[in-house]
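Student: With the input below, show me the fold.
(3 chains)
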Amino acid sequence: MVSWNVRVLAVSYTKEDDVIIELFGRTDKGKSIAVRYRGFRPYFYLVAPPSGIAAELKANANVVSVEDAELFHDGKDRPCKKVTIKYPWLVPDFRKAYASHCRVLAADIPFGHRFMYDLDLGGCVRVTGKKVDIEKYTTDLVVEASEFQNIEPFKPELKILSFDLENSIKTDEILTICCAISNGGETKHESLVGDEKSMITGFLELIKRTDPDVITGYNIDGYDIPFILKRAAHHRMNELGMGRDGTELRDVGKFWRAKGRIIADAWWNAKKELRPKQETLNAVSKLVLGEQKDDVNPAQIDQEWAADKEKVVRYCVKDAELALRILQKIAVLEKNMDLATVSKLPLDDVLNGRTSTLIDSVLIREADRNKIAVPLTSNFDREEQIEGGYVHTIDPGLYDWVGVLDFKSMYPSLIIAKNICFTTLSRDGKIKSPEEGVNYLDKETRLGLLPQVLERLMKQRDETKAKMKAAKDPAQKRYYNGLQEAIKVLMNAVYGVFASSFYRFTNPKIGASITAFARENTKSIISQLESEGVRVIYGDTDSVFFQSPGNTLDEALELGKAIAKRYSKEGATLEFEKIINPLFSHGAKKRYVGNVVWPEESMIVRGYETRRTDAFNIQSDSLTKVFERILDHDTDGAIALARETVQAIAKGEVSPEDLVISKTCKNFNTYKDPDNQATVQTAKKLMELGYEFTPGMKVSWVVTSGRRTPIEVEPFVSGRKFDKTPDYEYYARRAAMTLARVTDTFGWDVQELLTGTQQKSLFSYDGGKPPRPKERKRQRSRKQTRS
DNA sequence: TGCCCTCGGGG
DNA sequence: GTGTACGAGGGCA
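Tutor: Prediction:
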């Protein structure tokens, strides 16, 4: 018997003579490994099944055993039957068959996960067994395992294959497939050219030969992978095995899976991680690598290919490499390995799975240990959304020296403090939630599973933080920091699944009472602060924004620290997070901009969209400039700028270039009502003008009549003279609408920006109602800038 | 205000 | 594979 230490990347099962669990991973010696394990059986529970059911089950040839069990369900311990069956793929049938007779439990847990839960395996394991030789696997090692042990987590260097293809727009044929393969520190390039069939075969062989843990590229899920499959189908090719056992790719909605490997689209991950304003490979490369794509025009790929094939191949290799480096730079694999460690799951499940998967992994293990029932995930009707956090209204205006206080891990803290759990939910519980009739048992009567798990995670996080502090080696420090961040993510995810829609362990009452407790908490802090004379200007869920009466950083700092200290109590720590000076809002919740001046200087924009690509230049540029002036306390300048911008557009004193709107145009028939689509209209006119158009191209236009339906547009081609007249009125109105959201605060609404004059006197009344907010604000904003 | 539709990335 | 998976903005009623 030999042992290997493995970072688990994926878990699955296969049907041979029997069911075999497969773990795929990489060892601490850098070898890829496939681990096989026989003899694990699927099972589920039935709650108090009617008499006769047990006998019926025992007689079923697919049933291995029926045993008695007792599980805590719906407030008390109940007699159950544990039904073990032969094959995991039969579980759904059993589930359906018995659901009408009694409650079925734990019959929707992926078999691989069930295996990991039951052996309580984590993200890294020591596998003991013997090496075997099974040809279908592409891994360095194949092992028949007899034993598993948990070990200290480690993060092996993963082998990543990034690829990109170029295809003819005219004929749809693949021109080249290029790869950048990273193994440890070094990166190798491979490029395939020639006839399409052999390129595809060559690509599959390359995957088989190099056996990457991760396959990446830019938008491969949505483009390159389906494209290769489409072309392979065209040639009637089969056996497109990219899996580590030679099996084919699986289509999971928008995404793709290859057994034993992780398909991690660099675009998708960069999008999640960075939320860039522009998501093109070029823009993201510039953003994270400070580097650009090669100079090839993809819209003219056929011409480029005809002119210089080697140049196109270089370009393609470069794209593959950029995607690879982006994935490495944003370190998603590392971060997710940490999350896999704390949630005890294979990397693939963490990277590509839902957050409920993470919580399941932690909660189901704990439930099993405590003999607590694991219900099925019910088919959620996404009816009523539970009420969210408390958001304090913000009056429009400009505020100086704003301090921001934050409750530390508010939701987890509340769950622990109030013993909130599906196991403690009880009408006669002593802990009364603000929600009518939703009460929880106190800890002494029954400690909730959820609070128990969260308390352990919190403790674990504190310990990890302590280790981080104690670590001398920077690499060690980073390692512990990653882990403690991952625990934080996991804890916040716990609240997420309980609060959002339906989750197997909860009902809306629990989520609703968590937020209800939270609202009560935040509101009470706000009113206490107000009663002692501190001016609270805003608050959202777990944060409170107060205004320092002084006009220095030191005064704001002192007040913030004092409040944090005074209002922190056991289980609800209030932290002083930052100082913003100044802060501006036009009076809508969740929308503000400001200059953060402590602890670090930065600009903060929340809710305002200054970065849309389908807005015309003037629209986004002027909004940004208006914000800059406002934060410089130059409100008059901001208003003047907004007014002048709108006026200039209305008078036609702008170049058509600044009015161009760009969007992608897909195949016309993919639109419900193509002729109503400005993109389609533009594309058709482009073709009439003799320009080439291919579905998927970005088209640019200028609106020539915004009043008609559908809107009338004219294509804009850079370099070609634009000889139509833009609908300046339409553009002025759109700019005014964007800018007025902000200038309204200072007394200028859409109409007034359009006409350039204020129509109402400052103190006019509106139908007997109190003065319009904007007028109050005008005064207030002046006052705010005083000391 | 809330629903419905579309887009984004790729060539 | 005991799993069906985005998220945000704009248009329109």
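
Student: And the residue of the stretch 51-200 of chain A that's closest to DNA strand B?
Tutor: A:Glu166 (3.5 Å; CB to the nearest atom of the strand). To be clear about C-beta, it is placed using only N, CA and C from the backbone, and glycine gets the same treatment.

Student: what about that residue, helix or strand, and which?
Tutor: strand A:160-167 (DSSP states H and E).

Student: Which neighbouring elements make contact with that strand?
Tutor: With contacts taken as 3 or more CB pairs under 8 Å, 6 or more residues apart in numbering; DSSP states H and E, strand A:160-167 sits against strand A:174-183, helix A:196-210, strand A:214-216, helix A:225-234, helix A:301-307, helix A:309-329.

Student: Check what contacts the fifth one and list those residues.
Tutor: This points to helix A:301-307. A:166-170, A:175, A:296-297, A:311-312 (CB atoms under 8 Å, 6 or more residues apart in numbering).

Student: if we can go back for a sec, and the residue of the stretch 51-200 of chain A closest to DNA strand B, how close does it get to A:Thr216?
Tutor: Relative to A:Thr216, A:Glu166 is positioned 17 Å away (CB to CB, to the nearest Å).

Student: A:Glu387 - nearest residue in space that isn't next to it in sequence?
Tutor: A:Thr515 (5.9 Å; CB to CB, 6 or more residues apart in numbering).

Student: Dump the contacts of helix A:301-307 into JSON lines; add distance to DNA strand C as well.
Tutor: Formatted as JSON lines, the contacts of helix A:301-307 follow (distance: CB to the nearest atom of the strand, whole Å):
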{"residue": "A:Glu166", "distance to DNA strand C": "25"}
{"residue": "A:Asn167", "distance to DNA strand C": "23"}
{"residue": "A:Ser168", "distance to DNA strand C": "27"}
{"residue": "A:Ile169", "distance to DNA strand C": "24"}
{"residue": "A:Lys170", "distance to DNA strand C": "29"}
{"residue": "A:Leu175", "distance to DNA strand C": "28"}
{"residue": "A:Val296", "distance to DNA strand C": "27"}
{"residue": "A:Asn297", "distance to DNA strand C": "26"}
{"residue": "A:Lys311", "distance to DNA strand C": "34"}
{"residue": "A:Val312", "distance to DNA strand C": "30"}
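
Student: just the buried members of these?
Tutor: A:166-167, A:169, A:175, A:296, A:312 (16 or more other CB atoms under 10 Å).

Student: Can you list the strands that the longest strand seen in chain A pairs with?
Tutor: Under DSSP state E, the strand in chain A containing the largest number of residues is strand A:2-15. Taking DSSP bridges as the criterion, strand A:2-15 sits next to strand A:19-27 (antiparallel), strand A:124-131 (antiparallel) in its sheet.

Student: for DNA strand B, what are the nearby residues on chain A?
Tutor: A:164-167, A:169, A:175, A:218-219, A:222-223, A:267, A:278-282, A:298-299, A:301, A:316, A:319, A:613-614, A:662-666, A:670-673, A:677, A:679, A:694-698 (CB under 7 Å from any atom of the strand).

Student: pLDDT below threshold where in the stretch 651-787 of chain A?
Tutor: Low-confidence segments of the stretch 651-787 of chain A, defined by pLDDT under 70: A:696, A:708-709, A:759-787.

Student: For it, which segments count as helices?
Tutor: A:678-688, A:728-743, A:750-755, A:773-784 (DSSP state H, counting those that start in this stretch).

Student: how about CSV for the ones you listed, with mean neighbour count added?
Tutor: CSV is the format used below for those (neighbours: other CB atoms under 10 Å):
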stretch, mean neighbour count
helix A:678-688, 18
helix A:728-743, 22
helix A:750-755, 19
helix A:773-784, 17
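
Student: Which among the ones you listed is found nearest to DNA strand C?
Tutor: helix A:728-743 (7.4 Å).

Student: And the closest one, what does it pack against?
Tutor: Looks like helix A:728-743 contacts helix A:617-631, helix A:635-650, strand A:698-705, helix A:750-755 (3+ CB pairs under 8 Å, 6+ apart).

Student: Distance from the chain centre to that helix, please.
Tutor: Here the centre of helix A:728-743 is set off from its chain's centre by 32 Å, with CA atoms, centre = their mean, to the nearest Å.

Student: try stretch A:138-148
Tutor: 34 Å.

Student: what mean pLDDT would you report for that stretch?
Tutor: Stretch A:138-148 shows a mean pLDDT of 96.

Student: Only the buried residues of it, if you could.
Tutor: For stretch A:138-148, by 16+ other CB under 10 Å, it's A:138-139, A:141-143, A:145, A:148.

Student: One more: stretch A:275-287?
Tutor: A:279, A:281, A:283-287.

Student: Give me the phi and psi for the residue nearest in space to the middle of chain A.
Tutor: Residue closest to the average C-alpha location in chain A (CA atoms, centre = their mean): A:Lys272, at 4.9 Å. A:Lys272 adopts backbone torsions of phi -70, psi -40, taken as degrees, to the nearest 10.

Student: Contact partners for it?
Tutor: A:Val332.

Student: Rounded mean pLDDT for the host helix or strand of the residue nearest to A:Glu387, please.
Tutor: Take DSSP H and E as the rule and A:Thr515 turns out to sit in helix A:508-531. The average pLDDT within helix A:508-531 is 89.

Student: Let's see it as PDB, backbone CA atoms only.
Tutor: Written as PDB, here are the backbone C-alpha positions of helix A:508-531 (Å, rounded to 0.1, in the frame of the first residue of the first chain):
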ATOM      1  CA  PRO A 508     -38.800  32.400   4.700                       C
ATOM      2  CA  LYS A 509     -39.500  33.000   8.300                       C
ATOM      3  CA  ILE A 510     -35.900  32.500   9.300                       C
ATOM      4  CA  GLY A 511     -34.500  34.800   6.700                       C
ATOM      5  CA  ALA A 512     -37.200  37.400   7.500                       C
ATOM      6  CA  SER A 513     -36.400  37.300  11.200                       C
ATOM      7  CA  ILE A 514     -32.600  37.700  10.600                       C
ATOM      8  CA  THR A 515     -33.200  40.900   8.700                       C
ATOM      9  CA  ALA A 516     -35.900  42.000  11.100                       C
ATOM     10  CA  PHE A 517     -33.500  41.700  14.000                       C
ATOM     11  CA  ALA A 518     -30.900  43.500  11.900                       C
ATOM     12  CA  ARG A 519     -33.300  46.300  11.100                       C
ATOM     13  CA  GLU A 520     -34.200  46.700  14.700                       C
ATOM     14  CA  ASN A 521     -30.500  46.800  15.600                       C
ATOM     15  CA  THR A 522     -29.500  49.400  13.100                       C
ATOM     16  CA  LYS A 523     -32.600  51.600  13.700                       C
ATOM     17  CA  SER A 524     -32.000  51.600  17.400                       C
ATOM     18  CA  ILE A 525     -28.400  52.700  17.000                       C
ATOM     19  CA  ILE A 526     -29.500  55.500  14.700                       C
ATOM     20  CA  SER A 527     -32.100  56.800  17.100                       C
ATOM     21  CA  GLN A 528     -29.700  56.500  20.000                       C
ATOM     22  CA  LEU A 529     -27.100  58.500  18.100                       C
ATOM     23  CA  GLU A 530     -29.700  61.100  17.100                       C
ATOM     24  CA  SER A 531     -30.900  61.400  20.700                       C
END
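
Student: Which SSE is immediately downstream of it?
Tutor: Helix A:508-531 is succeeded, C-terminally, by strand A:535-540 (DSSP H and E).

Student: Quick one: work out the angle between that next one and helix A:508-531.
Tutor: 170 degrees (axes from the mean of the first three to the mean of the last three CA atoms, to 10 degrees).

Student: Strand A:535-540 and DNA strand C, any residue contact?
Tutor: No. Contact of strand A:535-540 with DNA strand C (CB under 7 Å from any atom of the strand) is absent, the minimum separation being 14.6 Å.

Student: How about stretch A:491-510?
Tutor: No. Using CB under 7 Å from any atom of the strand, stretch A:491-510 stays clear of DNA strand C, with a minimum separation of 9.5 Å.

Student: where's that stretch relative to the chain centroid, distance-wise?
Tutor: 17 Å.

Student: Sounds good, over and out.
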